[in-house]
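K.L.:
okay, predicted coordinates and the sequence, questions at the end:
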Amino acid sequence: MELGHRWRFLSRYLRNPHAVGAIAPSSRALAEAVSEPYRNSNGPANVLEVGAGTGAITRYLGTILRKGDTLDICEINHDFADLLERDVLSNANFAPLVTQGRAKLLRLPVQEIPSDNRYDFVISGLPLTAFELRDVQDVFEVIRQCLKPGGVFSYFEYLGMRRTSRTFAIGKRRARIRAVSAYLTENLRQHRFTTKTVFLNFPPASTHHLRFD
Ligand SMILES: C[S@@+](CC[C@H](N)C(=O)[O-])C[C@H]1O[C@@H](n2cnc3c(N)ncnc32)[C@H](O)[C@@H]1O
């Protein structure tokens, strides 16, 4: 990954830590782990990536997209969206897909994606543990609605982050993280079919894979 992308990522984090939620883009190992159910599936598949940032996972998806697959890439931040368009969607893997209408950028919050059951896989880089509970609930609802029956929602969270925040946060922040953590834990309890830990990432992370039906 280019140094410029890392710097862009860090500077956006410093400006808006709650929306960006990480100080560095995901590693290749994390991109592989969070994309595993899609990679192991038999195509064709419609894939949605949410919270693409500087494209660490997007770039990896571009290398495994099969004939007939489609990829929608959702990113709320205009600077990141510009960068994705300029540096990722114009590269050799993506340019033909964009021309064919099989890869497209959605410059909007995930909460505004129309919910009409059209994705087989949703792969998320969203900083869910930095969100308010209401936003996490809205995101889960939209994703549940836009997955086809049997579709898979994959996301990651940094290892120990929720426990550390629950322990050390104070006041409103503590109440927020406790509520978000309880919601995520309950969803994992009900819907998760597998979790994998990735140590080759900064910070190390767990990838979770869920089915809602
Ligand atoms: C932790 S970064 C992940 C970036 C990249 N996927 C990676 O793994 O390196 C989270 C990204 O989610 C984006 N984001 C935050 N809230 C969002 C929302 N409501 N809808 C879409 N994207 C959002 C941020 O702008 C940021 O680019």
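P.N.:
All right, it came through fine. Everything numeric here is computed off the predicted structure, so don't read it as measured data. Numbering: from 1, shown residues only.

K.L.:
where does the protein have its least confident helix or strand?
P.N.:
helix 17-20 (a mean of 66; mean pLDDT, DSSP states H and E).

K.L.:
so Lys172 is in which element?
P.N.:
Element membership for Lys172, per DSSP states H and E: helix 171-191.

K.L.:
show me where pLDDT drops low in the chain?
P.N.:
Low-confidence segments of the chain (pLDDT under 70): 1-4, 9-10, 13-14, 17-21, 23.

K.L.:
near the ligand, which residues of it show up?
P.N.:
For the chain, the residues in contact with the ligand (Cβ under 6 Å from any ligand atom) are 19-22, 25-26, 50-53, 56-57, 74-77, 80, 109-111, 125-127. Yep, even glycine has a C-beta here, placed from its N, CA and C like the rest.

K.L.:
restricted to strands, list the residues you listed.
P.N.:
Mapping these onto strands (DSSP state E) picks out 50, 74.

K.L.:
are any of the residues of the chain next to the ligand buried, and if so which?
P.N.:
19-22, 25-26, 50-53, 56-57, 74-77, 80, 109-110, 125-127 (16 or more other Cβ atoms under 10 Å).

K.L.:
residues near Phe212, how many?
P.N.:
Counted by other Cβ atoms under 10 Å, the residues lying close to Phe212 total 16.

K.L.:
which element is the closest residue to it other than its chain neighbours on?
P.N.:
Leaving aside its sequence neighbours, Phe212 sits nearest to Arg144 (Cβ to Cβ, 6 or more residues apart in numbering; 4.8 Å). Element membership of Arg144, judged by DSSP H and E, is helix 133-146.

K.L.:
chain center to that helix, what's the gap?
P.N.:
Helix 133-146 has its C-alpha centroid displaced from the chain centroid by 13 Å (Cα atoms, centre = their mean, to the nearest Å).

K.L.:
mind listing what the nearest residue to Gly43 once chain neighbours are set aside touches?
P.N.:
Spatial nearest neighbour of Gly43, excluding adjacent residues (Cβ to Cβ, 6+ apart): Arg66 at 4.2 Å. Shown in contact with Arg66 (Cβ atoms under 8 Å, 6 or more residues apart in numbering): 43-45.

K.L.:
out of those, grab the one that's most surrounded.
P.N.:
Most neighbours among these, by other Cβ under 10 Å: Ala45, with 20 neighbours.

K.L.:
tell me how far that residue lies from the ligand.
P.N.:
From Ala45 across to the ligand, the span is 19 Å (Cβ to the nearest ligand atom, to the nearest Å).

K.L.:
next one: Ser206
P.N.:
From Ser206 over to the ligand the distance is 14 Å, taken as Cβ to the nearest ligand atom.

K.L.:
do Lys104 as well
P.N.:
Distance of Lys104 to the ligand, given as Cβ to the nearest ligand atom: 15 Å.

K.L.:
which strand residues bridge that residue?
P.N.:
Asp72 (DSSP bridges).

K.L.:
so it sits right up against Ile73, yeah?
P.N.:
Yes: look at Lys104 against Ile73 with Cβ atoms under 8 Å: they come within range, at 7.1 Å.

K.L.:
so these two - more neighbours on which side?
P.N.:
Higher neighbour count among Lys104 and Ile73: Ile73, with 27 against 13, using other Cβ under 10 Å.
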